[in-house]
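Peer 1: with the input below, show me the fold.
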Amino acid sequence: MLFHNQKDVHQFLFQTQNFEYINLFENDFLLIFPELFLLSSTIILLVYGVVFSTSSEYNYPSLNRNVACLGFLVLVCTLFLVLNNPVRNGVFFYNALIIDELSFFLKVLTLLSACCVFLLSFDYIKDENVNTFEYKILILLSTASMLLMISSYDFISMYLAIEFQTLCFYVLAASKRTSPFSTEAGLKYFILGAFSSGIILFGISIIYGMTGAINFEDVSKVLTGLGTSQFVNIEMAALTLGIAFLFAGFMFKLTAAPFHMWSPDVYEGSPFSVTAFFLITPKIAILGLFLRVFFFCFFDFLLHIQSLIALSCFLSLVVGSFGALSQIKLKRLFAYSSIGHVGYILLGCACGTVEGMQSVLLYLIVYVITTINIFAVLLSLRQPSNIHIKYIYDLGMLAKTNPLLALTLTASLFSLAGIPPLAGFFSKFYLFFSALGSGLYFLAIAGVMSSVVSCFYYIRVIKTMYFETPEQWLVYKQVDKEKALLLALTSFFLIFFSLYPNPLFLLTSQIALDMSQSTLPLL
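Peer 2: Modelled structure (predicted):
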């Protein structure tokens, strides 16, 4: 190309740069297209609900079923967009977001669990007279925030995604406006959640002040060699303090001890379907972000982080196991049970090895699917007066009134307890095997003892279903189609995995190896 003067050269350079920026801009939005589709569709659903629910011409419809079906369709379409994304590895939006094997796997698991929660809540909201279509909108918005959280690659995008999620959770916890318990749960979650967000932000500010960087990769490069240095100064002490604050905030979001005190009260006061959502979906996103931050960004401080993880793991196992022994309410029982299961997940994280990461992902899949199965059973047990069960003794002689549901719930509880040959046994066995391979003998023994203690309160529920005669016999409605589909799929997984676990082992092994190449380069 010939240029006649300098003006033509400047014009060519300007057009070329603009062309490059436009291409970069377009590619960035193509990479984040599933999240954009989910957010834009949710906004359209919100406008649709506001316009038609306030219309006197249509007699002010509640739109619960309409928005639920459309929201479920949006989640399914988003899942297909994620599965068919042509790019599987890359950093975009000026290193603010990332796509890799870990984020792809966690996004698929998050969307699947959100779809299951939608199926669980189709009839529950109607039965509880919660005539607010905003419930589904909030689940869609929080799911979008989780997808962004999973792809976060710097502290600003991470914090904004966390805040986006928690703002939706505050309203979801208080979504049953006629219940004072739900309002109390939302208020408690708001106060303690704001406190934990402040802790995370304070930790981020200390780390940024010491390193001058916010991108995970940049921070990792700045901290290279510092964590293993024997020289201790003010900067090292400040960095350790910032990491400790950040760790405390993450443990609060994961409901791990000793930052668990809010979860039993919030889970008990929230509507049953919201409790199921809190127990299942958010843990996937926050765990993925936890792995990326602490095992990539702060890899050189891994020895310090392992001590914190081991302490929180042990406390979670103890609190979760012994706290659930005295519970008589189902939601509080499973709240303490989830604290114990977070302890098992932290046991795999404390290993700091590829096998440990694989065991974490394997345990997460089994825990999510088993919990969906349990809540599908519990939400199916509603009386003709649309009263749902609340206490353990409400399950009395369920084996006589509905033996198939009792058998399904028994298998799921045995799986959570780690009874062979169910799926939970294999996930716990591989977790303990990874811990022993990393020299964490004390935590492995504590995990085994905690699993033995947990058998007591799971078997107590099973004993109630089969042997305890209730004071008043309860007659339940027929199980609706959505929950029947969920029960069939999750029960099939529990049985199939126990017979043929190789596909899931290979999948988690591939993702863990990819993490070892990208986020754990020194292992």
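Peer 1: backbone phi and psi for the nearest residue to Ser337 once chain neighbours are set aside, please?
Peer 2: Spatial nearest neighbour of Ser337, excluding adjacent residues (CB to CB, 6 or more residues apart in numbering): Ala324 at 5.4 Å. (C-beta placed from N, C-alpha, C; glycine too.) Dihedral pair for Ala324: phi -80, psi -10, per degrees, to the nearest 10.
Peer 1: where does the protein dip in pLDDT?
Peer 2: 1-26, 58-61, 125-131, 225-233, 383-388, 472-475, 518-523 (pLDDT under 70).
Peer 1: give me that answer again for 80
Peer 2: 1-28, 53-65, 88, 122-133, 176-180, 224-235, 300, 382-389, 469-478, 515-523 (pLDDT under 80).
Peer 1: and the next element down the chain from the helix or strand in which Ser450 is found?
Peer 2: Taking DSSP states H and E as the criterion, Ser450 maps to helix 441-467. Next helix or strand after helix 441-467 toward the C-terminus (DSSP H and E): helix 481-499.
Peer 1: for the next helix or strand after that next one, list the C-alpha coordinates in PDB.
Peer 2: Proceeding N to C from helix 481-499, the next assigned helix or strand is helix 502-518, under DSSP H and E. Taking C-alpha atoms only, helix 502-518 is exported to PDB below (Å, rounded to 0.1, in the frame of the first residue of the first chain):
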ATOM      1  CA  ASN A 502     -15.500 -44.300  35.700                       C
ATOM      2  CA  PRO A 503     -17.100 -41.600  33.500                       C
ATOM      3  CA  LEU A 504     -17.300 -39.100  36.500                       C
ATOM      4  CA  PHE A 505     -13.800 -40.100  37.600                       C
ATOM      5  CA  LEU A 506     -12.400 -39.400  34.200                       C
ATOM      6  CA  LEU A 507     -14.300 -36.100  33.900                       C
ATOM      7  CA  THR A 508     -13.100 -34.700  37.200                       C
ATOM      8  CA  SER A 509      -9.500 -36.000  36.500                       C
ATOM      9  CA  GLN A 510      -9.400 -34.100  33.200                       C
ATOM     10  CA  ILE A 511     -10.500 -30.900  34.900                       C
ATOM     11  CA  ALA A 512      -8.100 -31.300  37.800                       C
ATOM     12  CA  LEU A 513      -5.200 -31.900  35.400                       C
ATOM     13  CA  ASP A 514      -6.200 -28.700  33.500                       C
ATOM     14  CA  MET A 515      -6.200 -26.800  36.800                       C
ATOM     15  CA  SER A 516      -2.700 -28.200  37.500                       C
ATOM     16  CA  GLN A 517      -1.400 -26.900  34.200                       C
ATOM     17  CA  SER A 518      -3.000 -23.500  34.500                       C
END
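Peer 1: next one: helix 502-518 to chain centre, how far?
Peer 2: The chain centre lies 19 Å from the centre of helix 502-518; the measure is CA atoms, centre = their mean, to the nearest Å.
Peer 1: burial of the residue nearest to Ser337, as a residue count?
Peer 2: 24 (other CB atoms under 10 Å).
Peer 1: OK, contacts around it?
Peer 2: By CB atoms under 8 Å, 6 or more residues apart in numbering, the residues touching Ala324 are Leu333, Tyr336, Ser337, Gly340, Ser454, Tyr457.
Peer 1: drop anything exposed from those.
Peer 2: Buried by 16 or more other CB atoms under 10 Å: Leu333, Tyr336, Ser337, Gly340, Ser454, Tyr457, out of those.
Peer 1: quick one: the second one and Lys329 touch, right?
Peer 2: So the one you mean is Tyr336. No - using CB atoms under 8 Å, Tyr336 is not in contact with Lys329, being 10.5 Å away.
Peer 1: counting contacts, what elements does the helix holding Ser450 pack onto?
Peer 2: helix 302-323, helix 330-351, helix 398-401, helix 403-417, helix 423-437 (3 or more CB pairs under 8 Å, 6 or more residues apart in numbering; DSSP states H and E).
Peer 1: could you check how far the closest residue in space to Tyr363 that isn't next to it in sequence is from Val108?
Peer 2: Excluding its sequence neighbours, the residue lying closest to Tyr363 (CB to CB, 6+ apart) is Ser427, at 4.4 Å. Distance from Ser427 to Val108, counting by CB to CB, to the nearest Å: 18 Å.
Peer 1: same deal with Ala173?
Peer 2: For Ala173, the distance to Val108 - CB to CB - is 26 Å.
Peer 1: of these two, who's got more company?
Peer 2: A direct count of neighbours by other CB under 10 Å for Ala173 and Val108 places Ala173 higher, at 26 against 14.
Peer 1: contacting residues for that one?
Peer 2: Ser182, Ala185, Gly186, Tyr189, Val266, Gly269, Ser270, Val274, Phe278.
Peer 1: give the PyMOL command for selecting the buried subset of those.
Peer 2: Buried members of those, defined by 16+ other CB under 10 Å, are picked up in PyMOL with:
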select buried, resi 182+185+186+189+266+269+270+274+278
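Peer 1: ok, Leu347 - how many residues close by?
Peer 2: Leu347 - counted by other CB under 10 Å - has 31 other residues nearby.
Peer 1: same question, Lys463
Peer 2: Using other CB under 10 Å: Lys463 sits among 12 other residues.
Peer 1: could you do Leu311 as well?
Peer 2: Using other CB under 10 Å: Leu311 sits among 15 other residues.
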